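Novice: quick check, what structure comes out for this input:
(2 chains)
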Amino acid sequence: MARVKLDNYVVPAAPRLGFKGWLRWIWRQVTSMRVALILLLLLALASIPGSVLPQWPQDAAATRNFIAENPFWGPVLDATGFLDVFGSAWFTAIYLLLFASLIGCIAPRALHHWRELRRPIAATPRSLARYTGAGPEAAEVTVDDALGRARAELRPRTGRLGALTGYRVRIDRRKDGSVALAAETGHVRELGNLVFHASLVAVLIAVAYGTLFTYRGQAIVVEGRSFTNAVAAYDTFSSGSLFDPADLDPFTLRLDSLDAEFSDTGRPLHFQANVTFTEPGEQAVAETIAVNHPLESGDAKIYLQGNGYAPVITVRDASGEIAFSGPVVFLAQDAAYTSTGVIKVPDVTTGEQLGFKATLYPTFLEGPFAVASIHPDPANPVIEMLAYTGDLGLDEGVPQNVYTLDESQLSPVQDEDGQPVTLRLALGETVELPDGLGTVSFDELPRYGAFDLRADPSLPWLLAAAVLTLAGLATSLFASRRKIWLVATSEDGTTVVTGAAYAPAHDTGVGTVLERALAAAVGRAPAPGAQEREDA
Amino acid sequence: MNNLSDLSVMALGGATVLYAIAMVAHAIRLARVADDKAAARAAARETVAVGGPTPDQGLPVAEAPAASSPAKRAAKAAGIARATTFMGAVLHGVGLVARGIDAGHVPWSNMYEYTISGSFFAVVAYLVLQRKRDVAFLGAGVTGLATVSLGLALTVLYKDVDTLPPALQSYWLVIHVSIATIVTGIFAVSFIATVLQLMRDSRDRGVRWRGTRARWLEAVPSAANLEALSFRLNAVGFVLWTFTVMAGAIWAEHAWGRYWGWDPKEVWSFVIWVLYAAYLHARTTQGWAGRRSAWLAIAGFTALIMNFTVVNLFFQGLHTYAGS
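Specialist: Presented below is the predicted three-dimensional model:
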């Protein structure tokens, strides 16, 4: 029995691919148009879960809820990156492969384009029968005059710029006595194509650069208060891995007032923060920050991202000492600015610590079954609150959310019937707490502004890359790629000119150019009827 | 409700009716032109039998040698279609302008307004195209789409005028959203050309629909010419869509302090961009040119409609005011 040979004996000289060969094969696959196309489709497909499922970077709270509510699928989707699609390994892999494919495609094309620009254009084909034709037409001119006029009509420009934007023309005297003119345009189309793709790479680089050096912080400032730009002063702060906190410009921002206008129906009309902005060593300047109108400071911008009420609350303890006094930031829960907030009073002189869960109704209205705010303006501001006594849990050193009360070691203050007491205060009122625990007053109702500060040094680069992308794209799609040929022969003193043109099927303007060139050659006005190529 | 609101709604209602008439007239014209061609072909067969020249296939013949009756009726239907489409567009424009004056801002700040302005731009794109070359075969599709969108807008999506919320008080509303709305119109016209291309192509391959051969498809140009037409429109649309996305990013940087945050609307704008980019590549890829690339263009338009409907209505994001 013959030994089974795995080698391909049909082609004995077939080379083995080897390591380098395989690498070359993989590279060829990656840079092929078909793979690029599949990667593009994968990119579109892979993006969709990012809009359907909650995403960590966009909405951490919703994502946490989603995982909690789906004990099986939540963790599975989380582990496989579906809850952070645009930071996931597979999404990154797709776009990096796509960019590798793009570079592998355009680098050789750029080289080819450069060579092509320097090469003379091809001569007129021997037979024009294959192409959209025009003529023949006769005229009483010399062959050279005819083609000279056609050449002038096609406006060839010299130099490299001419090669890009105009028709390049060559004229050959053929052996059979005829003279042939070949004109070509369309290099600018390929140039646009190359610029477009290269600019996409530039966009990616600019985004990466921005990610490394950007920073953003959020701070809430109550009317009449100031904020100093330092990492510690922000409520939240995040930055790129190469950002240096010492780079923060140490300005001071004072919120003088916050204007919030609403229509009669409570629809927001306009929000504006009037601030005093002081840079170190400079005069203080009055500025305004509004939605769609950030304040620029150096390389950073300050945005007004939200607003609300921060009622000034004073709490006196059992011995009549002020245990707490100041504005408390309440978060709006609905369009009528029904807002909730928490007051924590750890520093009481005697007894247990106090805590309050409060709801503010800017325009309070009491109905038969419920209370509500009917307008976001403070026409009749009322705070309702539940009081708690016990241990606030602040002494363990664990950072606490300022908007929630840890009720694990607290008990609600109750009346004689053992029901939790709801305290109700209008603006300017003071109420007594049961059991001689003290008093609570609602003194003032200032607004606050929630500000975002952000700097991204990549923005000018990103804009430049985007503009180039758009310019390259428009050029690559709208510039035409055409070839025009005219062949002139001399017959008994008259010159007979035949024309032909070649362009992609969607180019309907090429017929006009051919007609103009032919008309110029034979010395007549171009026919208006030949404006466009027929639809057949 | 006031006079301007009434005027706007009445003008748009009138436009809907005129578009519906135009759609029927366009459809009749297609059928007549196809009849005419069949008659011309029958006549030509006789001529060929005696050695005459073969007629030019695929050319929309207006001056057929024989059977003047379908040709005449086609011309009559074409006249009615042209007039009603044009008058519909005028009324549509009046309705849009009245809405804008009434609201005190550009009429594209909520779904009702996007729908009435997007369908207007689709009709305008068709009329502009019609001035340059004969694209009457797209008329039935364009007016049909306009009828449905306007009808839906007036019956389901209607919202009384309201002031702009602070987030939309920016000149970028004019730049970003107007281009987005115009591009929707252009992609819609291109979508109709692509659908016709696929149907014509299927017919040329001998596909039958419920036993019929859909003879009216003879009245539309060849699949290759339809492809060229939809490519030109898609190229314009793609450039404008790129601009829309970029302008949106600049506005987002201005308003929200970040140029790109993968908000659902942004995700879908990206998906649309990638799909049309894939379409443009597929056109020039062997094995993908023709039908497959046409399907990609249809996928792109479907994503555009998704972005406008499903994303507005069901997904939570920063663009939520679009759904109101």
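Novice: pretty sure A:Ala121 is in a helix, no?
Specialist: If you look again at residue A:121, you'll see it is Ile, not Ala. No: under DSSP: H, G, I helix; E, B strand; the rest coil, A:Ile121 sits outside any helix and is assigned coil.
Novice: ok, so what distance separates it from chain B?
Specialist: Noted for A:Ile121: a distance of 22 Å to chain B, by C-beta to the nearest C-beta, to the nearest Å. Every C-beta, even on glycine, is put in place using the N, C-alpha and C of the backbone.
Novice: mind listing what the residue lying closest to that residue once chain neighbours are set aside touches?
Specialist: Of all residues not flanking A:Ile121 in the chain, A:Glu184 sits nearest, at 4.6 Å (C-beta to C-beta, 6 or more residues apart in numbering or on different chains). With contact set as C-beta atoms under 8 Å, 6 or more residues apart in numbering or on different chains, A:Glu184 has these partners: A:Ile121, A:Ala122, A:Tyr167, A:Arg168, A:Val169, A:Arg482, A:Lys483, A:Ile484.
Novice: next one: B:Tyr279 from chain A, what distance?
Specialist: Using C-beta to the nearest C-beta, B:Tyr279 is found at 9 Å from chain A.
Novice: that residue contacts B:Leu233, correct?
Specialist: No: counting by C-beta atoms under 8 Å, B:Tyr279 does not reach B:Leu233; the two are 11.7 Å apart.
Novice: coming back round to it: show me the contacts of A:Glu184 that map onto strands.
Specialist: Among the contacts of A:Glu184, the members falling in strands (DSSP state E) are A:Arg168, A:Val169, A:Arg482, A:Lys483, A:Ile484.
Novice: nearest to chain B, of those residues?
Specialist: Nearest to chain B, judged by C-beta to the nearest C-beta, of the ones in strands among the contacts of A:Glu184 is A:Arg482 at 14.8 Å.
Novice: send the alpha carbons of stretch A:323-335 over as CSV?
Specialist: Taking C-alpha atoms only, stretch A:323-335 is exported to CSV below (Å, rounded to 0.1, in the frame of the first residue of the first chain):
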residue,chain,number,x,y,z
ALA,A,323,-26.5,73.0,66.1
PHE,A,324,-26.8,73.6,62.3
SER,A,325,-27.3,76.6,60.1
GLY,A,326,-26.8,76.9,56.4
PRO,A,327,-28.1,76.2,52.9
VAL,A,328,-29.0,72.6,52.1
VAL,A,329,-28.9,71.5,48.5
PHE,A,330,-32.2,69.9,47.5
LEU,A,331,-32.5,67.9,44.3
ALA,A,332,-35.5,68.6,42.0
GLN,A,333,-37.6,65.5,41.4
ASP,A,334,-40.1,66.8,38.8
ALA,A,335,-40.8,69.7,36.5
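Novice: can you report how many residues neighbour residue 21?
Specialist: Going with chain A. A count of nearby residues for A:Gly21, using other C-beta atoms under 10 Å in any protein chain shown, gives 11.
Novice: ah, no, chain B please
Specialist: Neighbour count of B:Ile21, defined by other C-beta under 10 Å: 18.
Novice: check contacts around it.
Specialist: For B:Ile21, the contact set (C-beta under 8 Å, 6+ apart) comprises B:Ile80, B:Thr84.
Novice: host element of the residue in the stretch 101-250 of chain A that chain B sits nearest to?
Specialist: Across the stretch 101-250 of chain A, the shortest distance to chain B (C-beta to the nearest C-beta) belongs to A:Arg216, at 6.9 Å. Following DSSP states H and E, the helix or strand that holds A:Arg216 is strand A:215-222.
Novice: returning to what we had before: between B:Tyr279 and B:Leu233, tell me which one has more neighbours.
Specialist: Between B:Tyr279 and B:Leu233, B:Tyr279 has the larger neighbour count (other C-beta under 10 Å), namely 27 against 24.
Novice: any idea which helix or strand carries the more buried one?
Specialist: B:Tyr279 is part of helix B:264-283 when elements are defined by DSSP H and E.
Novice: surely A:Arg180 meets A:Leu486?
Specialist: One thing to correct before we go on: residue A:180 is Ala, not Arg. Yes: between A:Ala180 and A:Leu486 there is a contact at 7.3 Å, judged by C-beta under 8 Å.
Novice: what about those two, which has more around it?
Specialist: Higher neighbour count among A:Ala180 and A:Leu486: A:Leu486, with 31 against 21, using other C-beta under 10 Å.
Novice: do you know the pLDDT at residue 22?
Specialist: You didn't pick a chain, so chain A it is. On pLDDT, A:Trp22 comes in at 78.
Novice: could you do chain B instead?
Specialist: 94.
Novice: circling back to that earlier point, can you name the element that comes right after the helix or strand containing the residue nearest to A:Ile121?
Specialist: Using DSSP H and E, A:Glu184 falls within strand A:179-185. Where DSSP H and E defines the elements, the next helix or strand beyond strand A:179-185 is helix A:187-213.
Novice: quick check: mean pLDDT across that next one?
Specialist: Averaging the model's pLDDT scores along helix A:187-213 yields 92.
Novice: counting by contacts, list what that helix packs against.
Specialist: The helices and strands touching helix A:187-213, judged by 3 or more C-beta pairs under 8 Å, 6 or more residues apart in numbering or on different chains; DSSP states H and E, are helix A:89-118, helix A:159-165, helix A:459-478.
Novice: residues touching A:Ile103, list them.
Specialist: Counting by C-beta under 8 Å, 6+ apart, A:Ile103 makes contact with A:Val201.
Novice: distance of it from A:Leu200?
Specialist: Using C-beta to C-beta, to the nearest Å, A:Ile103 is found at 10 Å from A:Leu200.
Novice: how about B:Thr16?
Specialist: From B:Thr16 to A:Leu200 the distance is 42 Å (C-beta to C-beta).
Novice: one step back: mind giving me the packing neighbours of the helix or strand following the strand holding A:Arg216?
Specialist: Per DSSP H and E, strand A:215-222 leads on to strand A:226-228 as the next helix or strand towards the C-terminus. With contacts defined as 3+ C-beta pairs under 8 Å, 6+ apart, strand A:226-228 has these neighbours: strand A:252-262.
Novice: parallel or antiparallel, list what pairs with the strand it packs on.
Specialist: strand A:226-228 (antiparallel), strand A:268-278 (antiparallel) (DSSP bridges).
Novice: pLDDT of the first one, averaged?
Specialist: In this model, strand A:226-228 has an average pLDDT of 89.
Novice: hmm, who's touching that strand?
Specialist: With C-beta under 8 Å, 6+ apart, strand A:226-228 has contacts from A:Ala219, A:Val221, A:Ala233, A:Pro250, A:Phe251, A:Thr252, A:Leu253, A:Arg254, A:Leu255, A:Phe451.
Novice: hmm, try it at 6 Å
Specialist: With contacts defined as C-beta atoms under 6 Å, 6 or more residues apart in numbering or on different chains, strand A:226-228 is touched by A:Ala219, A:Val221, A:Thr252, A:Leu253, A:Arg254.
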